[in-house]
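**Q** whatever this is, show me its structure:
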Amino acid sequence: MNSQVNPYGPIMYSGLPIIITLLLVLFLGIITIVLLVRGKKDDTDRTGSQMLRQHWITESDKGRVRTLYLGKLSDLENRLRSGEIKFRPAYQELSVTIRDFVKDISGIDLTKSTLSELKLKNVPVVSSLIETYYEPEFAVETDDDVFKAINDARMVIERWI
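**A** Prediction:
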């Protein structure tokens, strides 16, 4: 009768579950990090306030986007001069145009942001421009010059980095 005991048999198998567990934890950790990095929508500075995030856009694309939105402003101006559109809808269209421009050029979606949210996003030129549109956008009558507002928007678009 053979009564030898092999003490190393069960120990050989005990390393496999540990290795599998470590690989699983490593895999889940990598997935978590990737999801956290990709899921981050707005960049923030050290104070926690949102910063304007430039997405990767080529210089020729910037020129194309500028040309497109400057054309929209010229079209709006022509429709105003011809009487096809009144000042109030013109200000509303102007607000949409400048917000869409910022979205296309920088990747920051301001289309549904309130004025206070705009101010938090550290886009002072745009937030102050939109702020000047608020009164005439909702007023029955205004003393504000819509053509000056269009020129101000044009300057922002032309000077955008």
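**Q** so how far is L118 from the residue nearest the centre of the chain?
**A** Here the mean C-alpha position of the chain is nearest to the C-alpha of I108 (C-alpha atoms, centre = their mean), at a distance of 1.8 Å. Separation of I108 from L118 (C-beta to C-beta, to the nearest Å) stands at 10 Å. Placement of C-beta: from N, CA and C, glycine included.
**Q** ok, S128 next?
**A** Between S128 and L118 the computed distance is 9 Å (C-beta to C-beta).
**Q** those two: who's more crowded?
**A** Taking neighbours as other C-beta atoms under 10 Å, S128 and L118 compare with L118 leading, 21 against 14.
**Q** before we move on, which element is the closest residue to that one other than its chain neighbours in?
**A** Counting by C-beta to C-beta, 6 or more residues apart in numbering, S127 is the residue found nearest to L118 once chain neighbours are left out, at 4.0 Å. Assigned by DSSP states H and E, S127 belongs to helix 124-138.
**Q** which other residues reach that helix?
**A** 87-88, 91-92, 94-95, 98-99, 102, 110, 115, 118-119, 121, 142, 144, 146, 149, 152-153, 156 (C-beta atoms under 8 Å, 6 or more residues apart in numbering).
**Q** any buried residues in that helix, and which?
**A** For helix 124-138, the neighbour count (16 or more other C-beta atoms under 10 Å) marks 126-127, 129-130, 132-133, 136-137 as buried.
**Q** ok, stretch 142-157 next?
**A** 146, 149-150, 152-154, 156-157.
**Q** which of those residues fall within helices?
**A** 146, 149-150, 152-154, 156-157 (DSSP state H).
**Q** and the furthest pair within the residues you listed?
**A** Of all pairs drawn from those, the widest gap by C-beta to C-beta lies between V146 and I157 and measures 16.4 Å.
**Q** shaky segments in the protein?
**A** Across the chain, the ranges flagged by pLDDT under 70 are 1-14, 39-56, 143.
**Q** alright, calling it a day.
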